[in-house]
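K.L.:
Okay, here's the prediction I keep looking at, along with the sequence it came from:
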Amino acid sequence: MTTPAKTSAAPSAATPLLTVLGDTIEAARAADRDDLVVRLEAVAQRVRDPRRRIVVTGQLEQGKSRFVNALLGLDVCRVGDDQTTTIPLQLEYGAVPRAELVLTAPGASDIRVEVPFDEIGSLDARSPYAQGRQIARIEAAVPNQLLSEGIVLVDTPGVGGHSSAYSAAVLGMVPAADAVLLLSDASTELTEPELSFLRQVKELCPTVAVLLTKVDMYPHWRQVAEADRGHIARSGLDIPMLPVSSLLRAHALRTSNAQLGRESGFGALFAFLKEQVVARDQVSTRAAVARELHSAAEHLALVLGSELIALRDPERSDDAIRELQRARTAAEDLRRSSGYWQQTLQDGITDLMSDIDHDLRERLRAVAHTAEDWIDEHDPGRHWQAIAEWLTGTVDTALGDNLLWTHTRAETLAERVAEHFGKASAVDLPDVDNAMDAEGTGAAAGTLAGLEPDISVTSKVLVGLRGSYGGVLMVGLASTLAGLALLNPLSIGAGVLVGGKAYKDDKQLRLARKRAEAKAAVRRFVDDVAFQAGKEAKDRMHRIHRALRDHFTGVAERSLRSIDASLKAAQDAANSAVNSRSGRRGELEHQLVRVAELRRYADGMLELTSTPGRQRSYSAPSPGVRPVPGEDGRR
């Protein structure tokens, strides 16, 4: 068999990660382990080109686009008094400015359409560049120093407000984000919808900060900041608040005024990004590198150790081969579709899909019933705008809570599946965050129809006159028998009474009709949202299913491949000539020393990166048989 290549020197703490990865990749390639090479090259690419995704979000008119412009020192986002961002804009580094639309359509793969960079600010859902498809996002590249360091900024549409409920769509981006910046201006304290949205974001992303914007416009911003910190603390959230002024930052950049730059508050923001985003990502990257190095070392050591046992003690080679054959049979059982982990995964996904759909419908039904009860007690025509804003915001909150539950249940399912592999090793759990990431439309998928306007004052007068006519005529004709005129105080009084009752009855009919119309509009809105959100939930579950299936299939296949290679090496060693065993033993012992050094290096890295990142692992006791290397290589 082909043996792993030798590393030039034992890796130390000062050895660059790429150097150690390069040596390990060469060893895996020499051992014909292309599966390990693919994983090691992927983590090496992450080291060479780190991408730290920062999502900028907040309610309408909080200054998100102006903040992004000030942060980058560029006028790339359109700024205005009304809603200016209707499509998520992703900004990353590029040597020359360019922009693309990412278009989606049901049953079709995404396509990209290049658009003029100068037209980014004027693009909307009705743009001719969309070609009749839905615009998922705009991806733009600009030459910028901050972006060149691996930062990717995502400017999102405002959440909350009638016809502007993008909370669920923004929450779909949060799981894959490295940090979320929620903007709230200094005019008022944090509202209950903002705190609710902040709670949802915090559950999906560990690194979150609240930016108090427009502090240059409001002298009382310090009192607002203190009140906001109290609201955040009472909500049980540990989230920093950073006051910033985008106008001061932009003016400081134009005039090269360092004092204004300090007063803008962006210095504290950059410190937060450096300590909580860049440093955390570096720790996470080193931990990922350590896990892959440890896994590769264990897989390679299994092959070398099996061959070495057969060479050192030929009498024990038969026992070692039988043990490896038993391990190979167990690994094949894991890989087969009839294996227990496959059944657990399939049953879990089926149950999860049913539960998520039921939870979504139950939440939306509760919202619709609350709206209908309120409509029964009030005049919807007078409060329709408030009803629309409450409905879209509440529906979006319900979609967000459903998304959070999906995320939690998916992680629990991954742990359950990992228990089947944990019988032989400790297995890294797959990251379901990327599977959760999707630019959904959320509550914006439905549009709450307007109510028919109330009749005019002239029409109301005519209704009263039509009713009074009968009263005047009836009483007037009866009074003529007594010698009175047709129009007399009695007939006029009767006309007023009958006309008033006719107007009141008509008003009640119009109110009942308006309430029925309002309830029908609410039902149509909720049905539209349920239809779109249900489709997105099913697509999300399919992505999670594929992610879990591919991950654990890879675990089983890598274990089986290592056992196959070990079995072949042991058999070849048992059948080798006696005079060739001595030299081969020395070579294997030297290679095992190198692999052990690599494993110790990975263990040292894992100890240094003790801060938990997104990657998790499930550990179970090892049985009393020869261990099979797991995803992170621990026995």
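P.N.:
Right, received. Where do you want to start?
K.L.:
what residue ranges in the stretch 501-635 of the chain are flagged as low confidence?
P.N.:
Scanning the stretch 501-635 of the chain for pLDDT under 70 picks out 501-503, 505-507, 559-591, 609-635.
K.L.:
Quick one: classify Pro206 as helix, strand or coil.
P.N.:
coil (DSSP: H, G, I helix; E, B strand; the rest coil).
K.L.:
Can you report how many residues lie near it?
P.N.:
14 (other C-beta atoms under 10 Å). Glycine gets a C-beta too; all of them are placed from N, C-alpha and C.
K.L.:
For it, report the pLDDT, please.
P.N.:
Predicted confidence (pLDDT) for Pro206: 84.
K.L.:
Ala518 - nearest residue in space that isn't next to it in sequence?
P.N.:
In space, not counting the residues next to it along the chain, Ala518 is nearest to Pro380; the distance is 3.8 Å by C-beta to C-beta, 6 or more residues apart in numbering.
K.L.:
Would you confirm that the one you found contacts Trp390?
P.N.:
No. Between Pro380 and Trp390 there is no contact under C-beta atoms under 8 Å: 11.9 Å.
K.L.:
more neighbours, those two?
P.N.:
Pro380 (22 against 17).
K.L.:
mind listing what that one touches?
P.N.:
Contacts for Pro380 (C-beta atoms under 8 Å, 6 or more residues apart in numbering) come out as Ile387, Leu451, Lys514, Arg515, Glu517, Ala518.
K.L.:
that older thread, could you pull up phi and psi at the residue nearest to Ala518?
P.N.:
Per-residue torsions, Pro380: phi -70, psi -30 (degrees, to the nearest 10).
K.L.:
Kindly give the local confidence score, pLDDT, for it.
P.N.:
82.
K.L.:
how much space is there between it and Arg599?
P.N.:
69 Å (C-beta to C-beta, to the nearest Å).
K.L.:
Same question for Ser65.
P.N.:
Distance from Ser65 to Arg599, by C-beta to C-beta: 50 Å.
K.L.:
do Asp351 as well
P.N.:
39 Å.
K.L.:
Looking at those two, which is more packed in?
P.N.:
Between Asp351 and Arg599, Arg599 has the larger neighbour count (other C-beta under 10 Å), namely 20 against 12.
K.L.:
Spit out the contact partners of the more buried one.
P.N.:
Leu293, His294, Ala297, Glu298, Ala301, Gly633.
K.L.:
Could you identify the buried members of these?
P.N.:
Leu293, His294, Ala297, Glu298, Ala301, Gly633 (16 or more other C-beta atoms under 10 Å).
K.L.:
Could you dump these into CSV with secondary structure and distance to Pro128 added?
P.N.:
Shown next, in CSV, are these (DSSP: H, G, I helix; E, B strand; the rest coil; distance: C-beta to C-beta, whole Å):
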residue, secondary structure, distance to Pro128
Leu293, helix, 51
His294, helix, 53
Ala297, helix, 56
Glu298, helix, 56
Ala301, helix, 60
Gly633, coil, 54
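K.L.:
Tell me which two of those sit farthest apart.
P.N.:
Spanning the widest gap among the buried ones among the contacts of Arg599 are Leu293 and Ala301, at 12.1 Å by C-beta to C-beta.
K.L.:
follow-up on the earlier one: just curious, which of the contacts of Pro380 is nearest to Asp49?
P.N.:
Ile387 (48.9 Å).
K.L.:
Can you say which helix or strand has the closest one in it?
P.N.:
If you go by DSSP states H and E, Ile387 is part of helix 380-422.
K.L.:
element containing Glu100, please.
P.N.:
strand 98-105.
K.L.:
Secondary structure element holding the residue nearest to Leu404 when sequence neighbours are not counted?
P.N.:
Of all residues not flanking Leu404 in the chain, Glu203 sits nearest, at 5.4 Å (C-beta to C-beta, 6+ apart). Taking DSSP H and E as the criterion, Glu203 maps to helix 192-204.
K.L.:
name the helices or strands packed onto that helix?
P.N.:
Other elements packing on helix 192-204 under the criterion 3 or more C-beta pairs under 8 Å, 6 or more residues apart in numbering; DSSP states H and E are helix 167-173, strand 179-185, strand 208-213, helix 221-234, helix 380-422.
K.L.:
again, only this time at 6 Å
P.N.:
Other elements packing on helix 192-204 under the criterion 3 or more C-beta pairs under 6 Å, 6 or more residues apart in numbering; DSSP states H and E are helix 380-422.
K.L.:
Just the angle for the helix it packs on relative to helix 192-204, thanks.
P.N.:
10 degrees (axes from the mean of the first three to the mean of the last three C-alpha atoms, to 10 degrees).
K.L.:
which residues of the protein fall in strands?
P.N.:
52-58, 89-93, 98-105, 108-115, 134-142, 151-155, 179-185, 208-213, 241-243, 427-428, 617-618 (DSSP state E).
K.L.:
Which stretch among these approaches Arg29 most closely?
P.N.:
Per C-beta to C-beta, nearest to Arg29 of the strands of the chain: strand 427-428, 22.4 Å.
K.L.:
avg pLDDT for that closest one?
P.N.:
On average, strand 427-428 scores 56.
K.L.:
So what does Val256 have for phi and psi?
P.N.:
Careful, residue 256 is Ser and not Val. According to degrees, to the nearest 10, Ser256 has phi 60, psi 40.
K.L.:
start at 725 instead
P.N.:
All set: I'll call the first residue 725, so the last point we hit is now Ser980.
K.L.:
quick one: Lys788 from Gly989, how far?
P.N.:
16 Å.
K.L.:
for Met1329, same thing?
P.N.:
36 Å.
K.L.:
go on, Glu1260?
P.N.:
The spacing between Glu1260 and Gly989, counted by C-beta to C-beta, is 37 Å.
K.L.:
before we move on, back to that, higher neighbour count, Lys788 and Gly989?
P.N.:
Taking neighbours as other C-beta under 10 Å, Lys788 and Gly989 compare with Lys788 leading, 27 against 20.
K.L.:
Who are the contact partners of the more buried one?
P.N.:
Val780, Gly782, Asp879, Leu907 (C-beta atoms under 6 Å, 6 or more residues apart in numbering).
K.L.:
Give the burial count for the third one, as a bare number.
P.N.:
Residues within reach of Asp879, counting by other C-beta under 10 Å, total 25.
K.L.:
And the pLDDT for it?
P.N.:
89.
K.L.:
Let me see the contact set for it.
P.N.:
Counting by C-beta under 6 Å, 6+ apart, the residues that Asp879 touches are Val780, Lys788, Val792, Cys801, Thr809, Leu813.
K.L.:
Nothing else from me, thank you.
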